[in-house]
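Trainee: coordinates for the following, if possible.
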Amino acid sequence: MMNLIRRITLATLLVTVASSSLITVANAQGGYQNRDRNERRNDQREEFRERVEDLLGRIEDGTDRLRRSVDDSLDDSRINNTNREDEINEFFREFEKATKDLKNRYRSEQSVQTEVREVLDSARSIDNFIQRYDLDDAQDEWEAMERDLEQLQRIVTAAERRNSNSIRR
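Mentor: Numbers count the residues shown, from 1 in each chain. Alright, predicted model coming up:
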């Protein structure tokens, strides 16, 4: 009888040790999987940040090229040295301020919904002016800018859906 109790006790002890070992190994593997998943998410976030930074840089550079192109077009037009020229210059100042504000808030990891809307609204003013006064020389630059602004809008829309109306870097 004593022998039977020892065997049962030994078997129970072995099962307990084996179970503990398996649980420890399983937890360790799960930890690695979680860590890998977190690293992938961090890599994706970093890639997203880089893409947005690149996009904001292209918008900034494109604004400079577009402004020069519009200035050149206006110099050869009947609008040169008129209130209309002052109007487009004001539109560009507003657009540049809006893009600068957007970039600053994005880099400080704050919500940028309002700034994106301001950029898009001020871009509409520039678009209306270019269309109204048929500034052909500036049209190519404007089309490149529009593509970047459309991409910005898509990013914002996707982020709003994903983050419950909150865009953060």
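
Trainee: pLDDT weak spots in the protein?
Mentor: Flagging of the chain using pLDDT under 70 yields the residue ranges 1-35, 163-169.

Trainee: residue nearest the centroid of the protein?
Mentor: Geometric centre of the chain, nearest residue: residue 52, 4.1 Å, by Cα atoms, centre = their mean.

Trainee: secondary structure element holding it?
Mentor: Per DSSP states H and E: residue 52 is located in helix 2-75.

Trainee: the residue nearest to the centre of the chain is in contact with residue 155, isn't it?
Mentor: Yes - Residue 52 lies in contact with residue 155 (Cβ atoms under 8 Å); the separation is 6.6 Å. All C-beta spots, glycine's among them, are computed from the backbone N, C-alpha and C.

Trainee: which residues touch residue 95?
Mentor: Shown in contact with residue 95 (Cβ atoms under 8 Å, 6 or more residues apart in numbering): 63, 119, 122, 123, 125, 126.

Trainee: out of those residues, what pair is the most spread apart?
Mentor: When Cβ to Cβ is used, the two most widely separated members of the contacts of residue 95 are 63 and 125, lying 13.2 Å apart.

Trainee: count of neighbours near residue 150?
Mentor: Using other Cβ atoms under 10 Å, the number of residues around residue 150 comes to 11.

Trainee: same for the one helix or strand it maps to, what does it pack against?
Mentor: When elements are assigned from DSSP H and E, residue 150 belongs to helix 136-162. Helix 136-162 makes packing contacts with helix 2-75, helix 113-132 when contacts are defined by 3 or more Cβ pairs under 8 Å, 6 or more residues apart in numbering; DSSP states H and E.
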